[in-house]
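Participant: need a 3D model of the sequence below.
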Amino acid sequence: MFQSLTEKLGNVFDKLRGKGSLSQEDVDLALREIRVALLEADVALPVVKDFVERIRIKAVGQDIVKSVSPAQMVVKIVNDEMVALLGSENTDLSFAGTPPAVYLMVGLQGSGKTTSTAKISKYLTDKLRKKVLMASLDTYRPAAQDQLAQLGTQTGIATLPIVTGEDPLTITKRALTEGRLGGYDVVMLDTAGRLAIDDVLMNEVVAIRDVAKPVETLLVVDAMTGQDAVNTASTFDSKVGITGLMLTRVDGDARGGAAMSMRAVTGKPIKLMGIGEKWDALEPFHADRIVSRILGMGDVVSLVEKAIETVNEAEAEDMAKRFNEGRFDLNDMLNQFRQMKRMGGIGSLMKMLPGLGRYSEQIDSANLDNSVLKHQEAIILSMTKAERVKPSLLNAKRRQRIAAGSGTSVQDVNRLIKQYEQMETMMRRMKKMGISGMMGAMKNFMGKDDQDKLAEMQRESGTTPGFSLSGSLGQMAQQKMLGGLGNFGHGGSKKNRKKK
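Facilitator: Residues are numbered from 1 along each chain as shown. The predicted model follows:
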């Protein structure tokens, strides 16, 4: 979502880093370019003015210390102010009071409210172990209630039975009763939307709010609607009183300014982001991590959290044991490729690595997720069991056979073997660092106050601590991104190579 902003701010900081010291003129020029970048990203003008002025005050004051590069200090100031702009407060969902906690979903028609209701319910069920009941209060849009019922069937989440002819308030009361009697932790109320804000919509939502007394009133906003989303958020907040924002279609080509503007204008936190079509394509919003991505510093914490969620604990312990014994073969490499696929593919992971966020467009155009892992997995599966366990058997004749069997070229097979050898070298280094201890303790680094510790471990070890694919991912990032994505295996087309 913030790709354009990331590229423009990256260019600004590159110019600053090329200077040994910063003059007033350098700061003014950088601030002008930051201002333009934010305006082009669709951030509201009053928000931009306040943001730039806060940076100016700090950038020309005593905060530019001699012990740190002035350019680095400006980056830090921008980072801190952007975190404050997007919200540094706690964005956890509330479950206060006597169960069931009521979540009221509000927003305009077409913003993805019903789908978001199902996604959040799935998130609460799978991640937070809550028993959730969904109820549709939309009696206006054709088949709206049936849609939520179908989503409930697909996700395995309970839905309130449909009673024809009931009005929204009656449905609300029945949902609350069912929630109490059924022992549910959360009741999700999906309200009706309109194409535009009107008095009928607002009066109905206010009446439902007064009956339901929700602990969370989440405004669902399409991240691609631009500055009109700010007006929508302001109106809903003044009339209904929202507790947080849920952004949908964050994975699209939205410029992201509306998100910043809504948070600044309403003062209400962005709590959740919809990042895709799948049921698990939902992320809690962490301002510091998003800003880190925007400024090209990666998001290692989220990367490790993804690993924790997708790595089988028994497999991880077995892998650590093998590494400690100095064993690493192509079967292990295949497991790492499959782990990467479970975590979203090479492309999404590389974008979280420091310094690679600015290359999002090249990563996407290289089609890494759809080709690289598929072809590399095919190459390994075309080998015999003996060849996977003992790669030294792979002479020229065997490599020709493997290339033919996997639909790739001998060069692709050679490239994979070279990558295996590099990973094996890295695993030996990790053995010296005590990877089993690192993997056993990786969950200890996931606290909110431990990000500095995690970053420090990454700097010291030169890799991402705590999960086995770090060697593979690090090597791929270095070779495929910095060495030219378009020329990696089947990842780049002739068209992409010509662009390079």
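Participant: what about this protein, any weak spots by pLDDT?
Facilitator: Residue ranges of the chain with pLDDT under 70: 1-4, 18-22, 60-70, 252-256, 296-317, 319-320, 322-326, 342-371, 427-500.
Participant: which other helices and strands does the lengthiest helix in it contact?
Facilitator: In the chain, assigned by DSSP state H, the helix with the most residues is helix 410-433. Using 3 or more C-beta pairs under 8 Å, 6 or more residues apart in numbering; DSSP states H and E, the elements in contact with helix 410-433 are helix 313-324, helix 330-342, helix 368-381, helix 396-406, helix 470-476. From N, CA and C alone the C-beta is placed, and that goes for glycine too.
Participant: recalculate using a threshold of 10 Å.
Facilitator: helix 313-324, helix 330-342, helix 368-381, helix 396-406, helix 435-440, helix 451-461, helix 470-476 (3 or more C-beta pairs under 10 Å, 6 or more residues apart in numbering; DSSP states H and E).
Participant: and the host helix or strand of residue 169, what's buried?
Facilitator: Following DSSP states H and E, one finds residue 169 within helix 168-181. Buried residues in helix 168-181, counted by 16 or more other C-beta atoms under 10 Å: 168, 171-172, 175-176, 178-179.
Participant: ok, now stretch 93-102?
Facilitator: For stretch 93-102, the neighbour count (16+ other C-beta under 10 Å) marks 93, 95, 100-102 as buried.
Participant: that stretch: end-to-end distance?
Facilitator: With C-alpha to C-alpha, to the nearest Å as the measure, stretch 93-102 spans 11 Å from end to end.
Participant: how about the nearest residue to residue 220, chain neighbours excluded?
Facilitator: residue 107 (3.8 Å; C-beta to C-beta, 6 or more residues apart in numbering).
Participant: which residues does the one you found contact?
Facilitator: By C-beta atoms under 10 Å, 6 or more residues apart in numbering, residue 107 lies in contact with 113-114, 116, 190-191, 193-194, 205, 218-222, 229, 232-233, 236, 242, 245-246, 248.
Participant: and what of residue 192?
Facilitator: For residue 192, counting by C-beta under 10 Å, 6+ apart, the contacting residues are 106, 109, 113, 136-141, 144, 168, 200-201, 204-205, 208.
Participant: what's the PyMOL line that selects buried ones from those residues?
Facilitator: Per 16+ other C-beta under 10 Å, the buried members of these correspond to this PyMOL selection:
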select buried, resi 106+109+113+136+137+138+139+144+168+201+204+205+208
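Participant: greatest separation within the contacts of residue 192: which pair is it?
Facilitator: Farthest pair in these (C-beta to C-beta) is 136 and 200. Separation: 17.9 Å.
Participant: residue 414 contacts residue 399, doesn't it?
Facilitator: Yes. Using C-beta atoms under 10 Å, residue 414 makes contact with residue 399 at a distance of 6.8 Å.
Participant: neighbour count winner among those two?
Facilitator: Using other C-beta atoms under 10 Å, the more surrounded residue of residue 414 and residue 399 is residue 399, with 21 against 14.
Participant: once you drop chain neighbours, what's closest to that one?
Facilitator: In space, and not counting its chain neighbours, residue 399 is closest to residue 413: 4.7 Å by C-beta to C-beta, 6+ apart.
Participant: hmm, residue 394 and the one you found touching each other?
Facilitator: Yes. Using C-beta under 10 Å, residue 413 is in contact with residue 394, at 7.9 Å.
Participant: identify the contacts common to those two.
Facilitator: Jointly contacting residue 413 and residue 394 under the rule C-beta under 10 Å, 6+ apart are 383, 401-402.
Participant: can you list those residues in CSV and add neighbour count?
Facilitator: Putting the shared contacts of residue 413 and residue 394 into CSV (neighbours: other C-beta atoms under 10 Å) gives the following:
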residue, neighbour count
383, 23
401, 16
402, 24
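Participant: want to try CSV for these, with distance to residue 78 as columns?
Facilitator: Below are the shared contacts of residue 413 and residue 394 laid out as CSV (distance: C-beta to C-beta, whole Å):
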residue, distance to residue 78
383, 49
401, 55
402, 50
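Participant: and the strands in the protein?
Facilitator: Here the chain has its strands, by DSSP state E, at 101-106, 132-136, 158-159, 186-190, 216-222, 244-248, 270-274, 282-284.
Participant: what's residue 183 in contact with, if anything?
Facilitator: So residue 183 contacts 99-100, 131, 133 (C-beta under 10 Å, 6+ apart).
Participant: one more time with 8 Å, if that's ok
Facilitator: For residue 183, the contacting residues are 99, 131, by C-beta atoms under 8 Å, 6 or more residues apart in numbering.
Participant: likewise for residue 206?
Facilitator: For residue 206, the contacting residues are 239-240, by C-beta under 8 Å, 6+ apart.
Participant: distance of it relative to residue 282?
Facilitator: Distance of residue 206 to residue 282, given as C-beta to C-beta, to the nearest Å: 28 Å.
Participant: still on that earlier bit, now for the buried residues of stretch 93-102: which two are most distant?
Facilitator: Of all pairs drawn from these, the greatest distance, 13.4 Å, lies between 93 and 100 (C-beta to C-beta).
Participant: who are the packing partners of the helix holding residue 169?
Facilitator: strand 132-136, strand 186-190, helix 199-212.
Participant: kindly reformat the ones you listed as a markdown table containing distance to residue 34.
Facilitator: Formatted as a markdown table, these follow (distance: least, C-beta to C-beta, whole Å):
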| stretch | distance to residue 34 |
| --- | --- |
| strand 132-136 | 42 |
| strand 186-190 | 40 |
| helix 199-212 | 37 |
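Participant: nothing else from me, thank you.
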